[in-house]
Every structure is written in structure tokens, then in C-alpha cells.
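Participant: my questions concern the predicted model and sequence given below.
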Amino acid sequence: MPTETVSLASARYDILVETGSLQRLGQHVKIAGLSGKAAIISDDNVGPLYLDTALSSLTEAGYAVTTHLFPAGEASKSMTRADELCRSLVQAGHDRSSFVVALGGGVTGDLAGFVAAIYYRGVPVVQVPTTIVSQVDSSVGGKTGVNTPEGKNLLGSFHQPSLVLIDPATLTSLPPREYREGFAEVIKHAAIRDAAMLAELEALNPDDVPPPPELLLRNLAIKARIVEDDEKETSGTRALLNFGHTIGHAIEASVPYGQLLHGEAISLGIRSALYLSEKHSSLGASDRDRILALLKQFQLPLTLPTGLTTSSLVEKMNRDKKFSGGQRTFVLLSEAGKAHTSKEVTPESVEEAIELLRTPC
Ligand SMILES: NC(=O)c1ccc[n+]([C@@H]2O[C@H](COP(=O)([O-])OP(=O)(O)OC[C@H]3O[C@@H](n4cnc5c(N)ncnc54)[C@H](O)[C@@H]3O)[C@@H](O)[C@H]2O)c1
Ligand SMILES: O=C(O)C(=O)C[C@@H](O)[C@H](O)[C@H](O)COP(=O)(O)O
Ligand SMILES: [Zn+2]
């Protein structure tokens, strides 16, 4: 089976990508060495579609399984839902020998991963991602957590999965908007590390679902290598995965959670980050236009929703986890495929980069 392995000082795990692999979840979990009772956490869109398959496969492999559903959507990435899920696991008799299976998109992966990170001070988690965002990005690397009204992912923990099992066939049930939003992260990976992949994405028809499994595998491998370099975002390499997120997260958190999908907010953030890259790094207009054209190809938004003031976005942005001790760090491109962090971006440029989003593209 096409596999990537993530090797960290603290953990080593496989990412398996194969059509139909959800039916063999139990076997793969066994090979990964997990024992104990399984708690599958999923949302109420994904549950009705894939819970039976996951449950049967784990049961056939000899696992006792309980299931825990929560309401779909970004608003569920909250401490309240994490608390409810933890209590539901306690009530279902899970103890330190249990493990969590996160079955769903990035919201499920982040929330269930966070539950696993804190449950009885930590139990293993298996990530079974079912969206583009989660298959190429959120299931890999161990960032788990929840939002607060003040900002995205402000509470959380690094908790690496024991296994990531990707079944690209699950993407066929995604509504078109939820399918396309994921390409913001796919394009981000190519933009920061692999200019050649931009051409492959240009050749992709957004209506051909699912995308080639090998493209998913190579795209998530970009993230896996960065995480191996800097697991906990301490040296600066992992911060590159935040390209487009500084302003993007501020926008996402400034409208009611879920109004803008994560990838849609990141598309806006990428437009701003391209502007800053031209102004404060060496990004050329042709690379900028190529990346903007790709975002358009996947019908991602490039203009701000109405009613957001620049000052309120700047205020939200100042809580970004890359900013500390009064130092503002941005991720810029020097050219397509090459990213770096910079502390040179001025407040005036940030305001311009936000104002730009009020103009058509
Ligand atoms: N931890 C990380 O490194 C990381 C990376 C990227 C994004 N994220 C987080 O991921 C979240 C966004 O993830 P997302 O875009 O997958 O959102 P999501 O999990 O909310 O999924 C989007 C929608 O699609 C539905 N859905 C999921 N899979 C489906 C399927 N196969 N068929 C039909 N419907 C399906 C969901 O129920 C939901 O309504 C954000 O909270 C973001 O912050 C985290
Ligand atoms: O894994 C990472 O590191 C990323 O930055 C990936 C991002 O796509 C993702 O949205 C992540 O959750 C953002 O991290 P945060 O630390 O800014 O919350
Ligand atoms: Zn993201």
C-alpha cells in the first residue's frame, strides 16, 4: 500500500493512502500495535456515511468499540464539545488502555485528537481523515486543539497519531464547496516547497473527484518532511506551513465559526501573503499570478466578506501563535516553491494587504 512514514524523536507512524482502505481499518490498527477498546469520534455528517464500515472493520479485528458523534461544523471545535466527548468516553467505560479513532474532516481530527491528548492524560489516536484538508494536512503532524471566540486553535496540544489511514474514496461524498476548499492547503504546500507541483495542480480538473491518490501522497509528504524537521514549531521550519494563515485565521475567526470554511479563509490569507511577499521579499508578479490563478481554478474566494474592519482583523491577528514578545513573524515566498519567515513586515503593509482583499481579483 502506498505509504509515507513520519519519523520523529518522540514518535514514528505510517500514513497509508489506498482506495477502499477504510474497510481494512481494523487490520491496519492491529498492525500499528494498538490494543484496548476503541472510541470512534465522528460528526453527524460523516457518521451516517462511514461509521458502520469503520465499526465493522474494528469489530471484525477483535476490538470492542463505542461510537461518539458531535454536531458537524467548525463551531464544534470548542472546549465545550471536548468536555462533552471526554465525559461520554468516561461513561462508556474507556480507560488508559483505550484509543481514539478520529473519523472525519479537520474539525473531527483536531477535536478528537485533542480529546485523545487529554483523556486520562493521553491515549493514542488513529486519524482517519475524510476531507482534502484533513487528508493532506490536519491528520499529519499532531497539532490538535480547539478554538475560542478570540481566535483559532488557541487551546491545544501536540499529540502525534499512531496511524493515519487515508481512503480517497471517502472524498466522493463531499459536497463541492467542501471538496474545493481543501485545495487551498494543497496549493499552499506546493507554493512553499514544490513549484513543480503547481503545474500538476494546473492540470487537475476540480470536477474529477477524487484526485489521484499519488498526488495526495506527495502533497502530504511535503508536510510530513517539514514536521520531521521541526515537530513543535520551535526552529521556524514548521511555521512555513502557516503560509496564508496569519491573516487567514484572523478572517476565519472574525465571522461566526463555520461561515467561512478553513480553506476559504486561507485562500484570502494567501492573497494577502502574496502581496506581502512581493513587497517584502522577491516574489515576482508571474509567480504571484500563477498561485492566484490556481486558487481561482478551485473557485476559492479572494475577496473579504463585508462588514469586517481592518482594525478588528489586525487585533485578532495579533494573537497569532507565531507572534510573541512583540515580534511579528510572517511567512513569505521569495519565489514559487520557496518560503521563509520574516520579521520585516510593517504594520502599514499588513493594513494594505488586508485592504487589498476589498478589491476584485
Ligand atoms: N491540525 C492541523 O494541522 C490542521 C491543518 C489544517 C486544518 N486544520 C483544521 O481543520 C479544520 C477544517 O477541516 P475541514 O475543512 O476538513 O472541515 P470539517 O471537518 O468541518 O469538514 C467539512 C465538512 O465536510 C463534512 N464532511 C467531512 N468529510 C465528509 C465526507 N467524506 N463526505 C461528506 N461530508 C463530509 C463535515 O461534516 C463538515 O460539514 C479547521 O478547524 C482547521 O483549523 C488543522
Ligand atoms: O501543521 C501546521 O503546522 C500548520 O500550520 C498547518 C495549518 O494548515 C493548520 O491550519 C494549523 O492548524 C495551523 O496551526 P496554528 O498553530 O496556526 O493554529
Ligand atoms: Zn490550515
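Facilitator: Thanks, I have the structure now. These figures come from a predicted structure and were not determined experimentally. Ligands and ions are numbered 1, 2, ... in the order given.
Participant: what does the helix or strand harbouring Ile354 contact?
Facilitator: Using DSSP states H and E, Ile354 maps to helix 347-355. Helix 347-355 has contacts (CB atoms under 8 Å, 6 or more residues apart in numbering) with 247, 272-273, 275-276, 279-280, 304, 310, 313-314, 317, 328. C-beta here means a position set from N, CA and C on the backbone, and glycine is covered the same way.
Participant: please compute how far the longest helix belonging to the chain lies from its chain's middle.
Facilitator: Scanning the chain for the longest helix, with DSSP state H as the assignment, gives helix 262-280. The chain centre lies 17 Å from the centre of helix 262-280; the measure is CA atoms, centre = their mean, to the nearest Å.
Participant: that helix versus helix 347-355: what angle between them?
Facilitator: 140 degrees (axes from the mean of the first three to the mean of the last three CA atoms, to 10 degrees).
Participant: helices or strands up against the helix or strand following helix 262-280?
Facilitator: Counting by DSSP H and E, the element after helix 262-280 in chain order, helix or strand, is helix 285-297. Here helix 285-297 touches helix 183-193, helix 195-202, helix 262-280, going by 3 or more CB pairs under 8 Å, 6 or more residues apart in numbering; DSSP states H and E.
Participant: what comes up buried for the first one?
Facilitator: Along helix 183-193, these residues count as buried under the neighbour rule (16 or more other CB atoms under 10 Å): 183-193.
Participant: ok, those vs ligand 2, which is closest?
Facilitator: Glu185 (5.5 Å; CB to the nearest ligand atom).
Participant: run a quick neighbour tally on Arg225.
Facilitator: 13 (other CB atoms under 10 Å).
Participant: what of Met1?
Facilitator: With other CB under 10 Å as criterion, Met1 counts 10.
Participant: can you tell me which of the buried residues of helix 183-193 is nearest Glu214?
Facilitator: Comparing the buried residues of helix 183-193 against Glu214 with CB to CB picks out Val186 as the nearest, at 13.3 Å.
Participant: what sits against Leu333?
Facilitator: 191-192, 243, 273-274, 277, 281, 283, 287, 339.
Participant: pLDDT value on it, please?
Facilitator: On the pLDDT scale, Leu333 is placed at 98.
Participant: and if you look at Arg328?
Facilitator: At Arg328, pLDDT is 85.
Participant: how about Leu276?
Facilitator: 98.
Participant: wait, it touches Glu344, no?
Facilitator: No: contact criterion CB atoms under 8 Å: Leu276 and Glu344 do not qualify, at 9.7 Å.
Participant: got the CA coordinates for the longest helix of the chain in PDB?
Facilitator: Extracted in PDB, the C-alpha atoms of helix 262-280 (Å, rounded to 0.1, in the frame of the first residue of the first chain):
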ATOM      1  CA  HIS A 262     -11.000  27.000   6.800                       C
ATOM      2  CA  GLY A 263      -9.600  26.600   3.200                       C
ATOM      3  CA  GLU A 264     -11.700  29.600   2.100                       C
ATOM      4  CA  ALA A 265     -10.200  31.800   4.800                       C
ATOM      5  CA  ILE A 266      -6.800  30.500   3.900                       C
ATOM      6  CA  SER A 267      -7.300  31.400   0.200                       C
ATOM      7  CA  LEU A 268      -7.900  35.000   1.300                       C
ATOM      8  CA  GLY A 269      -4.900  34.800   3.600                       C
ATOM      9  CA  ILE A 270      -2.700  33.600   0.700                       C
ATOM     10  CA  ARG A 271      -3.800  36.500  -1.500                       C
ATOM     11  CA  SER A 272      -2.600  38.900   1.300                       C
ATOM     12  CA  ALA A 273       0.600  36.900   1.900                       C
ATOM     13  CA  LEU A 274       1.400  37.000  -1.900                       C
ATOM     14  CA  TYR A 275       1.100  40.800  -1.700                       C
ATOM     15  CA  LEU A 276       3.500  40.900   1.300                       C
ATOM     16  CA  SER A 277       5.900  38.600  -0.400                       C
ATOM     17  CA  GLU A 278       6.100  40.900  -3.400                       C
ATOM     18  CA  LYS A 279       6.600  43.900  -1.100                       C
ATOM     19  CA  HIS A 280       9.000  42.500   1.500                       C
END
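Participant: many thanks, have a good one.
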